[in-house]
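**Q** The amino acid sequence is not available; the structure is as follows:
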């Protein structure tokens, strides 16, 4: 629908409509001058006809009459701005015509302003996005430097709710802080030297998305300003902020450039290994960059051979692993981050491996879940821990690791504890049973380190002096034989006589003695 701000009726209205249609037809046929003449005649009859102004602006732009085209587009914008309700689409079209004229005349700043106004009605128009991108590539360096400096100065101004914090960026100490003019000067140098492309890309993305510069973009630009000033410590802080908030900025912050800024800051602090790492990451994010390749080559000559070799062999991932290993190795033991009960488990693993080397992980894990006191007790008796491991190995082979995870090892009974520990065990007997004191007086208890007689009955004897590895080989051979594995589990002499193998003891056995001595 045409946006007409004055009513032209009668013969004049008919003539305006006829001339407009004739001009449209001439334009479609490529007769630009004839189309412009038709639009001019119609505008003489209806000067406030916005569609005629926009169409004549388009034809004049095609004829190269940019100044005249700009005048018509500006007139259309002024008329539409006063219209209520506004015709948003027609206004967006007029702003686009105005921006195109400014861009053709070489005024990229005014062109950007007009295109941004046009976005209000055409947020997803590809032609408009392309126009903003092209105009951004023509932005002059001094204007960009002043633009970024103003944004940074406002972002680091005191927060109304907390004067210690800035609006977006943490304020810098007064003795180190750059003024607005100093920021613009430093940024102009860096933009001319290496930041112009990234600056134009960030601004274009921000404008196309209708967003304001955030922490990531502002921190990145401030980092380079303070690098140029010779303050790498402040630049390092800002580069870390840019890297922290960059992934949340929907691609509006150039992460490769942020890593390059971090690398330059580390290099300024004479910390060359992390500088090389940051530059390697920048190069991985932007392969083929001659600037990053040159900087990385320079840094590689400054770092020791081990990190340089790691970087060459596996890139940033390999160097990160090498640095983590170095940190772990050089950290004092009391400062190392360890899981809960780490040292207990490591100690118990050593003791178990001394008697039963090479146990599968499920069996080792199940042994470590035993009560600490009971595990310590059976570890003092070689045959007891070996028989416990034999049982668990059989369960692993017969039922699988899932069953072993949920298998519940029954606790030792008091009678079994006394038989393992021998004379001197303090506890209460039941129904006149022989106590540890009686055993001590009569000398009937087992000697320290020996397996008690009730558990040794029916067990295969281990030749004296034979290494523990022989036990594992024997168990491994038996595990590979289904009959032997099944027989081992079914043999009461193997199951019921071992201190750690308690599954054969029925829970409702009337003769069983509890740990606390209560029936």
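**A** Thanks, I have the structure now. Quick caveat: nothing in here was measured; it's all calculated off a predicted structure.
**Q** List the buried residues of the strand of greatest length in the chain.
**A** The longest strand of the chain (DSSP state E) is strand 162-166. The neighbour-count check on strand 162-166 (16 or more other Cβ atoms under 10 Å) flags residue 166 as buried. Just so you know, the C-beta spots here come from the backbone N, C-alpha and C atoms, and that holds for glycine as well.
**Q** Endpoints of stretch 367-383, how far apart?
**A** 15 Å (Cα to Cα, to the nearest Å).
**Q** Show me where the stretch 201-350 of the chain has its helices.
**A** 215-229, 232-245, 255-268, 272-285, 290-300, 305-330, 342-355 (DSSP state H, counting those that start in this stretch).
**Q** Format those as JSON lines; extra columns: mean pLDDT.
**A** Shown next, in JSON lines, are the helices of the stretch 201-350 of the chain (pLDDT from 0 to 100):
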{"stretch": "helix 215-229", "mean pLDDT": "95"}
{"stretch": "helix 232-245", "mean pLDDT": "95"}
{"stretch": "helix 255-268", "mean pLDDT": "95"}
{"stretch": "helix 272-285", "mean pLDDT": "96"}
{"stretch": "helix 290-300", "mean pLDDT": "95"}
{"stretch": "helix 305-330", "mean pLDDT": "93"}
{"stretch": "helix 342-355", "mean pLDDT": "92"}
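**Q** Format those as CSV; extra columns: distance to residue 73 and mean neighbour count.
**A** CSV is the format used below for those (distance: least, Cβ to Cβ, whole Å; neighbours: other Cβ atoms under 10 Å):
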stretch, distance to residue 73, mean neighbour count
helix 215-229, 31, 26
helix 232-245, 39, 21
helix 255-268, 36, 25
helix 272-285, 41, 23
helix 290-300, 41, 16
helix 305-330, 51, 14
helix 342-355, 73, 14
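**Q** Would you reformat those as a markdown table and include distance to residue 58?
**A** Below are the helices of the stretch 201-350 of the chain laid out as a markdown table (distance: least, Cβ to Cβ, whole Å):
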| stretch | distance to residue 58 |
| --- | --- |
| helix 215-229 | 35 |
| helix 232-245 | 42 |
| helix 255-268 | 39 |
| helix 272-285 | 42 |
| helix 290-300 | 42 |
| helix 305-330 | 52 |
| helix 342-355 | 75 |
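**Q** how about low-confidence regions in this structure?
**A** 1-10, 249-253, 423-519 (pLDDT under 70).
**Q** Over to residue 369: give its phi and psi.
**A** Dihedral angles of residue 369 (phi, psi; degrees, to the nearest 10) stand at phi -80, psi -10.
**Q** Please apply the same query to residue 30.
**A** Torsion angles, degrees, to the nearest 10, at residue 30: phi 90, psi 10.
**Q** what helices or strands is the longest strand of the chain leaning on?
**A** strand 158-159 (3 or more Cβ pairs under 8 Å, 6 or more residues apart in numbering; DSSP states H and E).
**Q** still on that earlier bit, so what touches the longest strand of the chain?
**A** Outside strand 162-166, the residues within contact range by Cβ atoms under 8 Å, 6 or more residues apart in numbering are 155, 156, 157, 158, 159, 171.
**Q** next structured bit after that strand?
**A** Of the helices and strands lying after strand 162-166 in sequence (DSSP states H and E), the nearest is helix 180-190.
**Q** neighbouring strands for the longest strand of the chain, and are they parallel or not?
**A** With DSSP bridges as the test, strand 162-166 is paired with strand 158-159 (antiparallel).
**Q** Now a PyMOL select for only the buried ones of the contacts of strand 162-166.
**A** Only the buried entries of the contacts of strand 162-166 go into this PyMOL selection, using 16+ other Cβ under 10 Å:
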select buried, resi 155+156+171
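**Q** Pick out the most distant pair among the contacts of strand 162-166.
**A** 155 and 158 (11.1 Å; Cβ to Cβ).
**Q** Wait, residue 121 touches residue 92, no?
**A** Yes - using Cβ atoms under 8 Å, residue 121 is in contact with residue 92, at 2.9 Å.
**Q** Overlap of the contact sets of those two?
**A** Counting by Cβ under 8 Å, 6+ apart, nothing touches both residue 121 and residue 92.
**Q** How is the chain divided into domains?
**A** Per the record, the chain has its domains at 10-136, 141-269, 342-495, by automatic domain parsing.
**Q** With distance to residue 286 added, can I get these in CSV?
**A** Listed next are these as CSV, based on distance: least, Cβ to Cβ, whole Å:
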stretch, distance to residue 286
domain 10-136, 19
domain 141-269, 4
domain 342-495, 42
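**Q** Residue 248: neighbour count?
**A** 11 (other Cβ atoms under 10 Å).
**Q** and it, what is it in contact with?
**A** With Cβ under 8 Å, 6+ apart, residue 248 has these contacts: residue 216.
**Q** Any idea how many residues pack against residue 64?
**A** Residue 64 has 10 nearby residues by other Cβ under 10 Å.
**Q** Sorry, wrong one. I was asking about residue 389.
**A** Residue 389: 26 neighbours (other Cβ under 10 Å).
**Q** likewise residue 108?
**A** Neighbours of residue 108 (other Cβ under 10 Å): 20.
**Q** Excluding chain neighbours, what is closest to it?
**A** residue 138 (3.9 Å; Cβ to Cβ, 6 or more residues apart in numbering).
**Q** Distance of residue 414 relative to residue 70?
**A** Using Cβ to Cβ, to the nearest Å, we find residue 414 at a distance of 102 Å from residue 70.
**Q** Which one's more surrounded, the two?
**A** Of the pair residue 414 and residue 70, residue 70 is the one with more neighbours under other Cβ under 10 Å, namely 24 against 21.
**Q** That one and residue 98 touch, don't they?
**A** Yes - in this structure residue 70 lies within contact range of residue 98 using Cβ under 8 Å: 6.4 Å.
**Q** Can you measure across stretch 154-174, start residue to end residue?
**A** OK, stretch 154-174 end separation, Cα to Cα: 15 Å.
**Q** let's number from 31 now, not from 1
**A** New numbering, starting at 31: the last item is stretch 184-204.
**Q** mind checking how far residue 405 is from residue 82?
**A** If you go by Cβ to Cβ, the gap between residue 405 and residue 82 works out to 95 Å.
**Q** How about residue 387?
**A** Following Cβ to Cβ, the distance that separates residue 387 from residue 82 is 95 Å.
**Q** got it, and residue 202?
**A** 55 Å.
**Q** Tell me which of those two has more neighbours.
**A** Neighbours per residue (other Cβ under 10 Å) separate residue 202 from residue 82, with residue 82 holding more: 27 against 17.
**Q** and the more buried one, what element?
**A** Counting by DSSP H and E, residue 82 is found in helix 80-92.
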